[in-house]
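Enquirer: Here's my sequence, what's the structure:
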Amino acid sequence: MATLVHYSVEGSVARLTLDSPDNRNALSTALVNQLHQGLTDATEEHGVRAVVLDHTGGTFCAGADLAEAAGRDPGDIAVDRAHELTRLLRRILKLPMPVIAAVDGHVRAGGLGLVGACDIAVAGHASTFALTEARIGVAPSIISLTLLPKMTARSAGRYFLTGEKFGAAEAAEIGLITIAADDVKATVAELTAEIGKGSPQGLAASKALTTAGILEAFDLKADELSEQSARLFVSEEAREGMMAFLQKRPPRWRS
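Expert: Residues are numbered from 1 along each chain as shown. Below you'll find the model as predicted:
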């Protein structure tokens, strides 16, 4: 199996690098499984105090891997996808150490859910973000669990609906990311150096204070939103939207 997530450790930092350029680091089943393994490895690695989630190429994560659905029963893949994403986002929230998103490229749809699940997010000024689900007939159902607690209500009301692109400065202003940085690598290095001064117990307990409310709402709504996500995915509109996306044409409702 191809390695889509590279795991490495330097000092007190475990780094998980998304490396699936053929599909712009989309959330395929294989990539999600390898992310889980990397998170497990980080928690078992002695001396690790923080996890950095970064990427190769010009895209941090393009969201769901729509091409992977070809040839499979839509209902089966919809349910599988919903459960995979829910489990991954909750795993990041629950991890007993800080997770930092190091974004130096573009983020779309489900990729924003990853950013929202991270404790700290740093993005370069050339990065762009967009919640494009409504344009293909679905909704940011599951990722709303990590985005709505971070984004302002007004910004969610805008970007969930318009699907328009916005940059790192706007992302920082609305709470999606922590820092819009001139130098992502240097900024992340500064943050991990400070985190490295913390004890495992202190970091775990401090993180839990910031994620407790998110996890409580997550566990209350995850099943309902997973069902909504799967239901939308197999709808006629979504099938048309995804085919239009893959065929690089406007969907019928825009004709």
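Enquirer: Wasn't residue 53 part of a strand?
Expert: Yes: if the criterion is DSSP: H, G, I helix; E, B strand; the rest coil, then residue 53 is within a strand.
Enquirer: State the phi and psi torsions of residue 166.
Expert: Residue 166 adopts backbone torsions of phi -140, psi 160, taken as degrees, to the nearest 10.
Enquirer: tell me the contacts of it?
Expert: Residue 166 makes contact with 128, 129, 130, 159, according to CB atoms under 8 Å, 6 or more residues apart in numbering. No exception for glycine: its C-beta is placed from N, CA and C like everyone else's.
Enquirer: In CSV, list these along with distance to residue 97, pLDDT and secondary structure.
Expert: Shown next, in CSV, are the contacts of residue 166 (distance: CB to CB, whole Å; pLDDT from 0 to 100; DSSP: H, G, I helix; E, B strand; the rest coil):
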residue, distance to residue 97, pLDDT, secondary structure
128, 29, 98, strand
129, 25, 98, strand
130, 30, 98, strand
159, 29, 98, helix
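Enquirer: which one of these is nearest residue 178?
Expert: Of all these, residue 129 has the smallest distance to residue 178: 13.7 Å, by CB to CB.
Enquirer: can you give me the strands in the stretch 51-200 of the chain?
Expert: 59-61, 99-103, 106-108, 120-124, 128-130, 166-167, 179-181 (DSSP state E, counting those that start in this stretch).
Enquirer: closest one to residue 114 among those strands?
Expert: Among the strands of the stretch 51-200 of the chain, strand 59-61 sits nearest to residue 114 (CB to CB), with 5.8 Å.
Enquirer: The closest residue to residue 188 other than its chain neighbours: neighbour count?
Expert: Spatial nearest neighbour of residue 188, excluding adjacent residues (CB to CB, 6 or more residues apart in numbering): residue 102 at 4.8 Å. Using other CB atoms under 10 Å, residue 102 is surrounded by 25 other residues.
Enquirer: residues contacting residue 102?
Expert: 52, 53, 54, 55, 122, 184, 185, 188.
Enquirer: Need the per-residue pLDDT for it.
Expert: The score at residue 102 is 98. That number is its pLDDT.
Enquirer: coming back round to it: looking at the strands of the stretch 51-200 of the chain, which is nearest to residue 36?
Expert: Taking the strands of the stretch 51-200 of the chain one by one with CB to CB, strand 99-103 is closest: 12.9 Å.
Enquirer: That closest one pairs with which strands, and in what direction?
Expert: Sheet pairing for strand 99-103, assigned by DSSP bridges, gives strand 50-55 (parallel), strand 120-124 (parallel).
Enquirer: Export those to a markdown table and append columns for mean pLDDT and mean neighbour count.
Expert: Below are these laid out as a markdown table (pLDDT from 0 to 100; neighbours: other CB atoms under 10 Å):
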| stretch | mean pLDDT | mean neighbour count |
| --- | --- | --- |
| strand 50-55 | 98 | 25 |
| strand 120-124 | 98 | 25 |
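Enquirer: Perfect, that will be all.
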